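> Quick one, what's the 3D model for this:
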Amino acid sequence: MSMRVGVAAAIAGAGWIALFWPGVVTFDGVDQYRQALTGDLDDWHPPIMAATWRLLIRLGLGGSGPFFAVQTALFFTGLGLLAAALARAGRPRAGWAVLGCALFPPLASWMTCVLKDAQMIACLAAATGVTAHYRLAGRSVPGGARAAVVLLVGYAVLVRANAAFGAVPLALALGQWGGLTRPVARVGAALAGIVLVVALGGSVNHRLLGARPSLVERTLPVFDMAGIATLTDLPTLPGLPVATWSQARARHCYTPVYWDVLGDETRCGALADTLAFDRDPNLSPVQRDWLQLIAAHPLGYAEHRLLHAVSALRLLPPPRQAPAAAPYASQPNGWGVGQPARAAARALQPAAAAIGASPVGAPAWWLIGAFALAAALRRTPPQPARALALGLLLSAFGMEAGLLVVGIASDLRYHLWAAVATGLAAGLLAACEGAPVGWGRRSALALAAGLIALAGLRIAAPATWALAG
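A predicted model of the protein is given here:
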């Protein structure tokens with residue numbers, strides 16, 4: 001049975017490549033391809049992706065197709081290895097369900113794109129599958145496989161700026177926490193690892209990969225400061241003329257949905273440049289102003305972050321600025337990358353958009369499922385499947401927590417790893433010996449109750465955002 005599941009995963013991966021070749025390339029991807037061609041990298045988008053693309057071009061594998069094939073192969077290899085391991089452990093239904101995760105329309109839609117989010121998901125899924133292949137069979141992971149896992153998680157961390165919040169807990173779980181057994185010690189190790197990874201990210205991007213600083217890290221302070229100033233009715237922001245901020249308020253330049261409006265010159269002029277990118281060198285650093293403003297107005301900051309969480313978790317109907325479905329056609333470009341558009345990608349979009357707009361597409365709903373699984377795992381005896389499942393759930397929780405604190409946009413793609421990790425954890429829990437009787441029924445009831453609550457909240461809440469502009 002495990003062979004049958006593995007073959008099905010391979011066929012599914014090959015079919016995916018054939019159906020969606022050469023992959024959809026978004027606006028961000030086109031810019032990264034330009035950087036890969038010229039070698040002039042900056043860190044607005046992850047330099048590791050442009051550097052890898054540049055390597056493929058040098059190997060004669062230009063365009064988006066080869067990169068899309070690698071991304072897809074990693075994703076289905078990870079799912080296939082985990083599914084086959086579950087089938088080998090006597091849980092073939094759980095294995096088939098794991099493969100079925102790839103068909104969740106919002107996920108499927110974004111996995112047709114050559115995009116940093118899709119690549120992060122593919123790498124983390126592959127690292128999980130490689131580890132499960134050995135651990136669920138009662139074997140230690142050999143050195144070569146461990147090196148592959150480190151490489152995959154390392155790429156995932158570099159290809160998505162906030163991936164550390166989910167990738168570090170997962171990496172520690174895959175490595176059996178380095179022998180740590182106490183929960184407090186594990187939490188401490190995860191937090192220390194996240195801080196270390198974030199601190200080293202800039203050095204890797206700038207010194208190792210040679211990317212130019214773009215000051216992208218200043219978007220978070222600008223977003224938070226604008227939210228605090230709007231919600232506490234401040235006359236202006238540090239370093240910004242009162243008249244400029246008054247004009248920005250009149251144009252609704254702040255929305256809790258995402259930061260991009262602040263950087264839209266056609267709507268808000270040079271607001272973001274004045275605050276951050278072309279900042280007067282005689283002024284204090286924007287990061288210092290940011291922290292001082294948070295300290296001076298903690299309730300305004302909390303309200304801003306709460307509004308962003310409501311948007312990001314889709315507790316209310318998602319605003320139009322936070323798309324659920326991926327584009328089905330590539331951004332026009334002079335190199336032909338991502339061309340031609342595929343009818344299969346277009347066919348996915350209506351289902352992805354509809355589900356993404358429904359309570360089923362809310363990250364809040366997936367977190368309800370994750371908490372239900374975590375409750376069942378707490379009462380499950382220690383074993384490899386349980387350890388891997390807990391690691392995946394910690395990864396989902398860490399990613400969501402990080403996004404709620406440092407997130408600056410509400411696109412559904414930022415939250416898809418939480419859905420994938422929760423689905424894989426459910427498959428692993430199904431393979432656990434001694435799992436609580438009826439855990440599946442209780443989890444289903446929790447999800448049903450969550451779905452009803454979300455639907456009721458959306459019906460009772462206003463259909464539009466007062467601050468969306």
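
> List the buried residues of the strand or helix carrying Ile11.
Taking DSSP states H and E as the criterion, Ile11 maps to helix 2-20. By 16 or more other CB atoms under 10 Å, the buried positions in helix 2-20 come out as Ser2, Val5, Gly6, Ala8, Ala9, Ala12, Gly13, Trp16, Ile17, Phe20. Placement of C-beta: from N, CA and C, glycine included.

> Report all helices and strands that that helix contacts.
helix 65-88, helix 92-100, helix 343-357 (3 or more CB pairs under 8 Å, 6 or more residues apart in numbering; DSSP states H and E).

> now the last one, how far from the chain's geometric center?
Right, helix 343-357. 19 Å (CA atoms, centre = their mean, to the nearest Å).

> Equivalent analysis for the second one, please.
Centroid displacement of helix 92-100 relative to its chain, using CA atoms, centre = their mean, is 23 Å.

> So, low pLDDT: which residues of the stretch 101-250 of the chain?
Scanning the stretch 101-250 of the chain for pLDDT under 70 picks out no residues.

> The stretch 301-450 of the chain too?
For the stretch 301-450 of the chain, the ranges with pLDDT under 70 are 321.

> just the helices in it please.
343-357, 363-378, 384-406, 416-430, 439-460 (DSSP state H, counting those that start in this stretch).

> The helix or strand following the helix holding Ile11 to helix 65-88, inter-axis angle?
Counting by DSSP H and E, the next helix or strand C-terminal to helix 2-20 is helix 27-38. Here the directions of helix 27-38 and helix 65-88 differ by 120 degrees (axes from the mean of the first three to the mean of the last three CA atoms, to 10 degrees).

> what packs against helix 27-38?
Helices and strands touching helix 27-38, by 3+ CB pairs under 8 Å, 6+ apart, are helix 47-58.

> burial of Ala185, as a residue count?
13 (other CB atoms under 10 Å).

> Which helix or strand contains it?
Counting by DSSP H and E, Ala185 is found in helix 183-203.

> Which residues in that helix does the neighbour count mark as buried?
Of the residues in helix 183-203, those buried (16+ other CB under 10 Å) are Arg186, Ala189, Ala190, Gly193, Ile194, Val197, Val198, Gly201.

> again with stretch 301-316
For stretch 301-316, by 16+ other CB under 10 Å, it's 301, 303-305, 307-316.

> Please apply the same query to stretch 428-444.
Neighbour-count burial for stretch 428-444 flags Leu428, Leu429, Ala430, Ala431, Cys432, Ala435, Trp439, Gly440, Ser443 (criterion: 16+ other CB under 10 Å).

> Tabulate these (a markdown table), appending distance to Leu99.
Shown next, in a markdown table, are the buried residues of stretch 428-444 (distance: CB to CB, whole Å):
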| residue | distance to Leu99 |
| --- | --- |
| Leu428 | 14 |
| Leu429 | 17 |
| Ala430 | 14 |
| Ala431 | 14 |
| Cys432 | 19 |
| Ala435 | 21 |
| Trp439 | 21 |
| Gly440 | 18 |
| Ser443 | 20 |
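
> For Ala51, state which of those residues is nearest.
Leu428 (33.7 Å; CB to CB).

> Tell me which of the helices of the stretch 301-450 of the chain sits most buried.
Ranked by average neighbour count under the criterion mean count of other CB atoms under 10 Å, the helices of the stretch 301-450 of the chain are headed by helix 416-430 at a mean of 26.

> Report the distance from that helix to the chain centre.
Helix 416-430 sits 14 Å away from the centroid of its parent chain (CA atoms, centre = their mean).

> Could I get the buried residue list for stretch 45-56?
Neighbour-count burial for stretch 45-56 [16+ other CB under 10 Å]: His45, Pro46, Pro47, Ile48, Met49, Ala50, Ala51, Thr52, Trp53, Arg54, Leu56.

> I'd guessed the fifth one sits against Val159; true?
Put plainly, it is Met49. Yes: the criterion here is CB atoms under 8 Å, and Met49 meets it with Val159 at 5.4 Å.

> what is in contact with these two at once?
Lys116, Gln119 (CB atoms under 8 Å, 6 or more residues apart in numbering).

> Centroid-nearest residue for this protein?
The residue lying closest to the centre of the chain (CA atoms, centre = their mean) is Tyr414, at 3.5 Å.

> Test my guess that that residue contacts Val406.
No: in this structure Tyr414 lies outside contact range of Val406 using CB under 8 Å: 10.9 Å.

> Next, show the common contact partners of those two.
With CB under 8 Å, 6+ apart as the test, Tyr414 and Val406 both reach Asn162.

> Ala296 and Thr232, how far apart?
9 Å (CB to CB, to the nearest Å).

> Name the residue in these two with the higher neighbour count.
Set Ala296 next to Thr232 and count neighbours by other CB under 10 Å: Thr232 wins out with 15 against 12.

> And for stretch 32-40, what's in contact with it?
So stretch 32-40 is in contact with 25, 41-42, 45-47, 49-51, 53-54, 57, 64, 212, 333, 335, 337, going by CB under 8 Å, 6+ apart.

> Output it in PDB with nothing but the alpha carbons.
Extracted in PDB, the C-alpha atoms of stretch 32-40 (Å, rounded to 0.1, in the frame of the first residue of the first chain):
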ATOM      1  CA  GLN A  32      13.100  38.800  -9.000                       C
ATOM      2  CA  TYR A  33      13.700  37.300 -12.400                       C
ATOM      3  CA  ARG A  34      15.100  40.700 -13.500                       C
ATOM      4  CA  GLN A  35      17.500  40.600 -10.600                       C
ATOM      5  CA  ALA A  36      18.500  37.000 -11.500                       C
ATOM      6  CA  LEU A  37      19.300  38.100 -15.000                       C
ATOM      7  CA  THR A  38      21.300  41.200 -14.100                       C
ATOM      8  CA  GLY A  39      22.800  40.000 -10.800                       C
ATOM      9  CA  ASP A  40      21.800  43.300  -9.200                       C
END
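
> pLDDT score assigned to Leu271?
Looking at Leu271, its pLDDT is 88.

> The closest residue to it other than its chain neighbours is in what secondary structure piece?
Closest residue to Leu271 apart from its sequence neighbours, by CB to CB, 6 or more residues apart in numbering: Ala248 at 5.3 Å. Counting by DSSP H and E, the element that carries Ala248 is helix 242-250.

> need the next SSE after that helix, C-terminal direction.
helix 265-268.

> Check the spacing between Arg413 and Ala352 real quick.
Taking CB to CB, one finds Arg413 at 11 Å from Ala352.

> Which neighbours do those two have in common?
Residues touching both Arg413 and Ala352 by CB under 8 Å, 6+ apart: Ala326.

> of all the helices and strands packed on helix 2-20, which lies closest to Pro221?
Closest among the helices and strands packed on helix 2-20, using CB to CB: helix 343-357, at 29.3 Å.

> packing partners for the closest one?
Using 3+ CB pairs under 8 Å, 6+ apart: helix 343-357 touches helix 2-20, helix 105-110.
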